[in-house]
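1. what follows is a predicted protein model with its sequence.
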Amino acid sequence: MASVAQSDSPSAVLDKIFAANMKALQDTVSRLDRSAFQRAVEALSGAQAVYIYGIGTSSPMVGELQHRLMLLGIPAHGYTDVVAARLSTMNLKPGDVAFGI
């Protein structure tokens, strides 16, 4: 992948950024364990409730995943505070899923 250079036109910069992102997606899907992905989908879709945990830079993703799961009708609870997250684990029941980011 070519690096963005100061002499690049705006169009060239755009092309390089898109190419880099497409390569990142291709690299990710080529390394993805599809069996594990299928199990994760099944666990999430069949969950009584999903508890999502993320600290620091992972915190924004907690809210994003929580909202997307709720849009699918899956009860989801997000925690970004260590103490609250730890306390929430006391409420986990069979059929629940704990998801760490």
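-> Nice, I can see it. Numbering: from 1, shown residues only.

2. only C-alpha atoms for contact and neighbour calcs from this point on.
-> Will do.

3. quick one: the strands in this protein?
-> With DSSP state E as the criterion, the chain has strands at 50-53, 76-79, 97-100.

4. what are the buried residues along the last one?
-> Same thing as strand 97-100. Neighbour-count burial for strand 97-100, with 16 or more other Cα atoms under 10 Å as criterion, is recorded at Val97, Ala98.

5. now it - C-alpha only, PDB.
-> Taking Å, rounded to 0.1, in the frame of the first residue of the first chain, the C-alpha atoms of strand 97-100 are listed here in PDB:
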ATOM      1  CA  VAL A  97     -23.900 -13.700  27.300                       C
ATOM      2  CA  ALA A  98     -20.900 -11.700  28.600                       C
ATOM      3  CA  PHE A  99     -19.200  -9.800  25.800                       C
ATOM      4  CA  GLY A 100     -15.800  -8.200  26.400                       C
END
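
6. quick one: mean pLDDT over it.
-> Here strand 97-100 scores 95 as its mean pLDDT.

7. likewise for stretch 19-33?
-> On average, stretch 19-33 scores 96.

8. do the same with stretch 43-51
-> 94.

9. start the count at 49 instead of 1 going forward.
-> Shifting the count to begin at 49 puts that one at stretch 91-99.

10. got the buried residues for it?
-> So stretch 91-99, judged by 16+ other Cα under 10 Å, has buried residues Ala91, Leu92, Ser93, Ala95, Gln96, Ala97, Val98, Tyr99.

11. let me know the closest of these to Asp56.
-> Nearest to Asp56 among the buried residues of stretch 91-99: Leu92, at 44.5 Å, using Cα to Cα.

12. can you give me the helices for the chain?
-> 58-79, 82-93, 107-119, 130-136 (DSSP state H).

13. which of the ones you listed is buried the deepest?
-> helix 107-119 (a mean of 16; mean count of other Cα atoms under 10 Å).

14. which helices and strands does it pack with?
-> strand 98-101, strand 124-127 (3 or more Cα pairs under 8 Å, 6 or more residues apart in numbering; DSSP states H and E).
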